[in-house]
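> One predicted model, sequence on top.
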Amino acid sequence: MLAHLIRKELLEQLLSLRFAMACIICLVITLSSAVVLTRDYKEALADYRTNVVMHDNELEESGDIWDDGVVIDKPLSPMRIFVRGIDPRLVVSARITHEQQPIFEAEHEVNPVSFLFPPVDMLFFIGVVMSLLALAFGYDAVSGEKESGTLKLLMSYSAPRDLVLLAKWAGGYLALTAPFLLALTAALVVVMVMPGVELGEQDWTALVLLVAVGLLYLAAVYGMGILVSARTHLTSTSITVLLMVWVLMILVVPNVAPYLAAEAVPLRNFVEVEEEKAASDEAAGEAFGQELDEFQEKNPEVERWGDDGRWGAMWNLRWQKRVLQRIDDEGRIEGRYANELAAQVSLARNLSRLSPFSSFAYAATELAGAGLTEDRRFRESLPEYRRRLTVYVTELYSRAWAEQRMGERHDLSGRPRWVYRPAPVAERLAAVLPDVMLLAAWTVLFFMAAYLSFLRYDIK
Amino acid sequence: MLLSLIRKEIVLGVLSLRFAVTFVLFFVLTLVSVFTMTRGYERSLRLHEVSAARHHEQVRSVLEAEEPDEAMHDILFGGSGFYGDRAPRPTSIFVKGLEDRLPTHVNVSLWQVRPVDDDRYRNPLFRLFASPDYAYIANIVISLLALLFVFDAVCGEKERGTLKILLANRVPRDLVLLGKWIGGYLSLAAPLAAALFAAFTYVVLTGSVQVDADFLSRFLWIAGVSLLYVSVFFALGMLISTLTHKASTALLVSLFVWICWILVIPNLAPVAARLAVAVPTLQKIEAEKAAVDRETEIGVQRVGRNMLGYGREAEEMTDEIERQGQARKDRIDQYYRDRLRRQVDLSRNLARASPSASFVLAASDLSGTGVDLFTAFNTAVRRYGEEFSEHWWEWDEEYHDNNGDMPDDGWLQVDQWPALRMERARLDTVVDAVLFDVLLLVVFNVLFFLLSYLFFLRYDVT
């Protein structure tokens, strides 16, 4: 019985205009964006590779690791073809010097039009376009059949209502996801055929999980369509209501949430944080000066910056302590601010989770390694590297002073390298579990509500 | 005749469920948007004021120090340098545009001028979801509602059978269509205008911006362009309605067209432009400039070795080599800027295949938060750096010539200290620039209306 009903639903959907349209939309959008975004990624990858070599060469040529520091380049993940995430830039470099905080290359001298029109990645495609299609597939499931009079006929057979609704849900959902999965496969083939893109095992796992979460999200939205359809008696009413809900859910709730959170959890002015850092550093600088004076008093035979290199060797080791202390202080002061900010971010996330789209957006960006966690992980890896660089640079200079060869070129081959590994998929999956559960809850909730409404639906 | 047709359309429109929905949505969304954006603007303004005041105080403390020279050296050599602040623009309440993409302050010292990376102090979710400003609401939501309002204007009447009856009277088809257009558009535009008026009143009442003639005219222009933009979708919906014979088909086609035209085409444009006009990365440009510097240095050293670096001839040769090096570096910079400008122009033009892009570009330009904001910022940063180093050397020279004393008390004032000054294009210049986009919207309007007229003339009403 159920198989029959599903087959009927499926056939009806497959023969409809919207199925044809869904096929065209899915294929056109995924293929065009796959071609464009893959080529964009490849260009970025080439830039990244050039940058790595260039930055290495620059340092080798200048040999001035004290002032210039090391420029690090964030490795590029092919998952960024599918989800751009919170930082739209693909190529990110930062200059790490032991004295200063990391300096990021500014993004204000690039093409600003791309900020006005964000790219059509999978997050946008599934989150916005496919969800609208899901509503177009579901809005007349019940009310449409009532309008055309077939519901009465159907119910005159001995088909129980729960089976009818389940079949409607399953049939429509299959018809909705078929063109989506087809187009996605085609897009993947395009991505794989273009040389230069290598998806690793982790990437494939992440991609499969991403599609699975996307399917869950579509199930929730489709369920909402069925629910509204089972609560209304005219298709025109149900589509009006659904589009209104869609607008609020996809286009308004997630966007307003960060503003509301900023209102509810106000942050300190970050100028204060900068000043606090400067003040703490000034105090540390005075202490450092005193320490040097004390040393001078105790060891009057050591000439300041004398040619024998004793002062230079001593100074560098003490300077190391001072800079490490500076890094710790900055970390502490910024950490306090980061905690306040984290409270705001977490409130914004929870507020926005009122909309399934936000849950999907968080899950998708996290799975693709382009979300908040990854951003934090990257930023937190920098002070750690700066510490290693500080130790290396000061010891290098201290040795050079002690051995009286400050005029010579430094051999920088032993310099610490910045190695960055994105979080493994298992870790990312753990981070998105709450959002996945939430999406599952929405799906079940909408279906149950639709079932309840349909049980008491007036089919005449 | 036309009047009664219009009245019929208005009455029909006003009594429908979607009018109620549209009215409520317009009001709620516009007010929510203007509320959140005003509060957001107030927050950034407070941030700006506090930081500008502190930076002003820093300059004052240096100039009024007992040993200004020493204080200056402390800041320039050992300390953090000086800061220039960028104020948020009040029109960003309605069109946020690129405002958030630019740093809020710029650090300057003797060797470099560097925008400060303040991303780590901001909630990253602001970047994940677009700002819910009026431009966004109009661009996405109101265009969709406009289509929803009109998709069954003709085919719906056919389905209900009222079109047959209407045309059985002696009413010419052109008047029917015109009546539908005017009546329908009025019942859509009226709530929109009302919501906009409410939003503006809210902004005035909160007093968070100084409402002057410039602000008012920019707002009126933005409102006007958005009404024009909405009418494009109204005409498009009408065209779809005259092309189809069933309301459900018309609805699906409308959604299909809306998705492709609003969501996809403008968003593919920048990436496509990036692929068509490749711009070298800034880092490559910097590397090339560094290479030129090294060559210059080698040339200067060679002069030094060959001629022992003495005499006028050697000096002239050194100057010449340095001048040539600078000219080559300027050419590299110029090349980068030219390529970038070409890429920006191409992405704008490609995106203009969709009226949504025309609207976004026009609205952001009118509010002064569009592409020009980036240009203005970059110019301001360069100039700030130049002015600062010029000013500092001049000051240093005067100070030392005068044996560590200020020449006279009024010689240097805090107000004369170089500042980050962003130029804002005058409204009439901006209007000239956005006329092209406005014209495009008008063309789309006329085209869709004429096409729907053409198809309605041959529409099978039975």
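Perfect, thanks for sending it. Residues are numbered from 1 along each chain as shown, chains lettered A, B, ... in the order given.
> switch to C-alpha atoms for all contacts and neighbour counts from now on
Fine.
> all strands of chain A, in order?
A:70-73, A:93-96, A:103-104 (DSSP state E).
> does the last one come close to chain B?
Same thing as strand A:103-104. Yes: using C-alpha under 8 Å from any C-alpha of the partner chain, strand A:103-104 reaches chain B at A:Ile103, A:Phe104.
> Tell me which other helices or strands that strand touches.
The contact analysis (3 or more C-alpha pairs under 8 Å, 6 or more residues apart in numbering or on different chains; DSSP states H and E) places strand A:103-104 against strand A:93-96.
> Can you list the neighbours in contact with the strand it packs on?
A:68-74, A:102-105, A:382, A:386 (C-alpha atoms under 8 Å, 6 or more residues apart in numbering or on different chains).
> quick one: is stretch B:197-217 near chain A?
No: with C-alpha under 8 Å from any C-alpha as the criterion, chain A is not reached by stretch B:197-217; the gap is at least 15.6 Å.
> Determine how far that stretch lies from the middle of the whole chain.
Distance of stretch B:197-217 from its chain centroid, counting by C-alpha atoms, centre = their mean, to the nearest Å, is 19 Å.
> what do you get for stretch B:88-99?
The chain centroid and the centroid of stretch B:88-99 are separated by 8 Å under C-alpha atoms, centre = their mean.
> Any buried residues in stretch B:106-125, and which?
B:106-110, B:113-117, B:121-125 (16 or more other C-alpha atoms under 10 Å in any protein chain shown).
> which other residues reach that stretch?
A:86, A:103-104, A:106, A:258, A:270, A:337-338, A:341, A:344-345, A:348, A:372, B:76, B:80-85, B:103-105, B:381-382, B:384-385, B:388-389, B:420.
> repeat for stretch A:421-431
Contact with stretch A:421-431 is made by A:Gln202, A:Thr205, A:Ala206, A:Glu366, A:Leu367, A:Gly369, A:Glu374, as judged by C-alpha under 8 Å, 6+ apart.
> Now do the same for that stretch: mean pLDDT, whole number.
In this model, stretch A:421-431 carries a mean pLDDT of 90.
> tell me which residues in it are buried?
Neighbour-count burial for stretch A:421-431 [16+ other C-alpha under 10 Å]: A:Pro422, A:Ala423, A:Val425, A:Arg428, A:Leu429, A:Ala431.
> Of the residues you listed, which belong to helices?
Here DSSP state H is the test, and the buried residues of stretch A:421-431 give A:Val425, A:Arg428, A:Leu429, A:Ala431 as lying in helices.
> which parts of the stretch 301-450 of chain A sit against chain B?
With the criterion set to C-alpha under 8 Å from any C-alpha, the stretch 301-450 of chain A comes near chain B through A:Tyr337, A:Ala338, A:Leu341, A:Gln344, A:Val345, A:Ala348, A:Leu372.
> In terms of helix, strand or coil, where does the spatially closest residue to the fifth one that is not a sequence neighbour fall?
Spatial nearest neighbour of A:Val345, excluding adjacent residues (C-alpha to C-alpha, 6 or more residues apart in numbering or on different chains): B:Asn123 at 6.0 Å. Of the three states, B:Asn123 takes coil under DSSP: H, G, I helix; E, B strand; the rest coil.
> can you list the residues of the stretch 151-300 of chain A near chain B?
Residues of the stretch 151-300 of chain A lying near chain B (C-alpha under 8 Å from any C-alpha): A:237, A:240, A:244, A:247, A:251-252, A:254-256, A:258-260, A:263, A:269-271, A:278.
> And those residues, which of them are buried?
Taking 16+ other C-alpha under 10 Å as the criterion, what is buried in those is A:237, A:240, A:244, A:247, A:251-252, A:254-256, A:258-260, A:269-271, A:278.
> so what's the closest residue to chain B within the stretch 251-400 of chain A up against?
Nearest to chain B in the stretch 251-400 of chain A, going by C-alpha to the nearest C-alpha, is A:Asn255, at a distance of 5.3 Å. Neighbour list for A:Asn255: A:Ser352, B:Phe126, B:Phe129, B:Ala130, B:Ser131, B:Pro132 [criterion: C-alpha under 8 Å, 6+ apart].
> how does it look with 6 Å?
By C-alpha atoms under 6 Å, 6 or more residues apart in numbering or on different chains, the residues touching A:Asn255 are B:Phe129, B:Ser131, B:Pro132.
> out of those, who's near chain A?
B:Phe129, B:Ser131, B:Pro132 (C-alpha under 6 Å from any C-alpha of the partner chain).
> any chance of those residues in CSV, with neighbour count, pLDDT and secondary structure too?
Listed next are the ones next to chain A among the contacts of A:Asn255 as CSV, based on neighbours: other C-alpha atoms under 10 Å in any protein chain shown; pLDDT from 0 to 100; DSSP: H, G, I helix; E, B strand; the rest coil:
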residue, neighbour count, pLDDT, secondary structure
B:Phe129, 20, 86, coil
B:Ser131, 25, 88, coil
B:Pro132, 27, 90, coil
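> low-scoring pLDDT stretches of chain A, where are they?
Low-confidence segments of chain A, defined by pLDDT under 70: A:106-108.
> all helices in the stretch 51-200 of chain B, in order from the N-terminus.
Secondary structure of the stretch 51-200 of chain B (DSSP state H, counting those that start in this stretch): helices located at B:68-73, B:125-128, B:134-136, B:143-150, B:155-160, B:162-168, B:173-206.
> Does the third one reach chain A?
No: contact between helix B:134-136 and chain A is absent, the nearest approach being 9.1 Å (criterion: C-alpha under 6 Å from any C-alpha).
> Determine the longest helix present in chain A.
Chain A, longest helix under DSSP H: helix A:17-62.
> quick check, distance from that helix to the centre of its chain.
16 Å.
> other SSEs contacting that helix?
Counting contacts by 3 or more C-alpha pairs under 6 Å, 6 or more residues apart in numbering or on different chains; DSSP states H and E, helix A:17-62 packs against helix A:161-193.
> Could you tell me the angle between the helix it packs on and helix A:17-62?
40 degrees (axes from the mean of the first three to the mean of the last three C-alpha atoms, to 10 degrees).
> Please name every helix or strand in contact with helix A:161-193.
In terms of contacts (3+ C-alpha pairs under 6 Å, 6+ apart), helix A:161-193 is packed against helix A:2-14, helix A:17-62.
> Tabulate those helices (JSON lines), appending mean neighbour count and distance to B:Thr281.
Formatted as JSON lines, those follow (neighbours: other C-alpha atoms under 10 Å in any protein chain shown; distance: least, C-alpha to C-alpha, whole Å):
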{"stretch": "helix A:2-14", "mean neighbour count": "17", "distance to B:Thr281": "48"}
{"stretch": "helix A:17-62", "mean neighbour count": "18", "distance to B:Thr281": "7"}
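> Alright, calling it a day.
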